[in-house]
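Asks: Got a sequence here, can you build the structure:
(one chain, ligands or ions: 2)
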Amino acid sequence: MIKIAPSILSADFSDLRSGLDICMAGSADYIHIDVMDNHFVPNLTIGPVVVKSIRPFSSSYFDVHLMVTEPQKLLNPFVESGADGITFHIETIKDPGDMCDKIRSTGVDVGISLKPSTPLENIIPFLDKVDRVLIMSVEPGFGGQKFIDSSLEKIKSLNQILNKYNLEKVEIEVDGGIKLENADDVISAGADALVVGSGIFKSEDPVNQIIKFKDLARL
Ligand code: DX5
Ligand code: ZN
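Replies: Residues are numbered from 1 along each chain as shown. Ligands and ions are numbered 1, 2, ... in the order given. The predicted structure is shown next:
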């Protein structure tokens with residue numbers, strides 16, 4: 001079963017509880033939380049205080065995507081705020097293996113992400129330390145961008161690499177520019193989880209939109 005992870009970056013920030021209710025009403029699998037520090041990416045979003053405040057209003061899996069230059073400093077604050085999985089960017093850390101171990105030691109799931117321009121080869125040494133790889137299919141920083149088509153090849157190659165090393169249990173999550181129109185291609189390429197922001201929250205009926213993505217994911 002392919003998982004659907006609505007990104008609350010595109011939800012109404014003045015009413016995040018309603019955003020969570022939408023995700024629960026549509027039976028979304030994860031809540032994707034985009035953390036940006038205005039340094040690694042040119043945007044500033046959600047900190048641990050906000051995650052802690054919304055935690056009591058959802059029992060869903062909180063999938064925290066750290067787009068920050070010093071993820072090691074934010075690890076414990078986000079774990080204590082109620083994250084279920086923490087994903088960091090390989091471009092931000094000198095010793096990604098150590099960062100994976102640090103996340104693992106907190107008890108939450110370990111994710112590693114890479115920008116569209118970062119070669120897949122860079123993450124290979126760490127694949128046996130992670131629960132998920134988050135492939136960015138847009139430049140990180142903003143919702144509502146167009147899907148970069150070459151990401152499909154990257155997803156396929158990652159699938160082959162995971163098979164080769166008997167690491168099929170590692171989840172391939174894809175983030176950016178996914179709409180109902182291209183979700184099939186992303187799934188066929190081998191994605192296990194789809195992050196969808198504007199494709200859900202900027203639609204007329206976000207709950208129904210999640211249900212449509214879930215239906216696609218079931219086929
Ligand atoms: C971009 C974020 C994404 C974003 C996806 O930096 O990591 O999670 O919210 O939004 P859409 O689906 O609108 O591209
Ligand atoms: Zn994200």
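Asks: The closest residue to Ile155 other than its chain neighbours: how many residues sit nearby?
Replies: Using Cβ to Cβ, 6 or more residues apart in numbering and skipping residues adjacent in sequence, the residue nearest Ile155 is Ala189, 3.9 Å away. In this view, the C-beta of every residue, glycine as well, is placed from N, C-alpha and C. Other residues lying near Ala189 total 19 when counted by other Cβ atoms under 10 Å.
Asks: do the one 10 residues further on as well
Replies: The number of residues packed around Gly199, counting by other Cβ under 10 Å, is 27.
Asks: and what of Lys202?
Replies: Other residues near Lys202 come to 13 when the count uses other Cβ under 10 Å.
Asks: Provide a list of residues in contact with it.
Replies: Shown in contact with Lys202 (Cβ atoms under 8 Å, 6 or more residues apart in numbering): Ser10, Gly144.
Asks: which phi and psi does it have?
Replies: For Lys202, the backbone dihedrals are phi -100, psi 10 (criterion: degrees, to the nearest 10).
Asks: Break down this structure into its helices, ranges please.
Replies: Listed from the start of the chain, the chain has helices (DSSP state H) covering 16-25, 48-54, 71-81, 96-106, 151-164, 180-189, 198-201, 206-218.
Asks: With ligand 2 as the reference, name the closest of those helices.
Replies: When the helices of the chain are ranked by distance to ligand 2, counting by Cβ to the ion, first place goes to helix 198-201 at 12.0 Å.
Asks: Name the residues of the protein found near ligand 1, please.
Replies: 7, 9-10, 32, 34, 65, 138, 140-141, 143-145, 175-178, 195-199 (Cβ under 6 Å from any ligand atom).
Asks: repeat that for 8 Å
Replies: 7, 9-10, 32, 34, 36, 41, 43, 65, 67, 136-145, 147, 175-179, 195-200, 202 (Cβ under 8 Å from any ligand atom).
Asks: Type out the PyMOL command that picks the buried ones from these.
Replies: In PyMOL, selecting the buried portion of the residues of the chain next to ligand 1, with burial taken from 16 or more other Cβ atoms under 10 Å, looks like this:
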select buried, resi 7+9+10+32+34+36+41+65+67+136+137+138+140+141+142+143+147+175+176+177+178+179+195+196+197+198+199+200
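Asks: which of the helices of the chain sits most buried?
Replies: Most buried of the helices of the chain by mean neighbour count (mean count of other Cβ atoms under 10 Å) is helix 198-201; its value is a mean of 24.
Asks: Tell me the helices and strands packed up against it.
Replies: helix 16-25, helix 206-218 (3 or more Cβ pairs under 8 Å, 6 or more residues apart in numbering; DSSP states H and E).
Asks: Show me the one of these that comes nearest Ile2.
Replies: Taking Cβ to Cβ as the measure, the helices and strands packed on helix 198-201 were each checked against Ile2, and helix 206-218 came out nearest at 3.6 Å.
Asks: Now render the helices and strands packed on helix 198-201 as TSV, adding mean pLDDT.
Replies: Compiled in TSV, the helices and strands packed on helix 198-201 are given as follows (pLDDT from 0 to 100):
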stretch	mean pLDDT
helix 16-25	98
helix 206-218	96
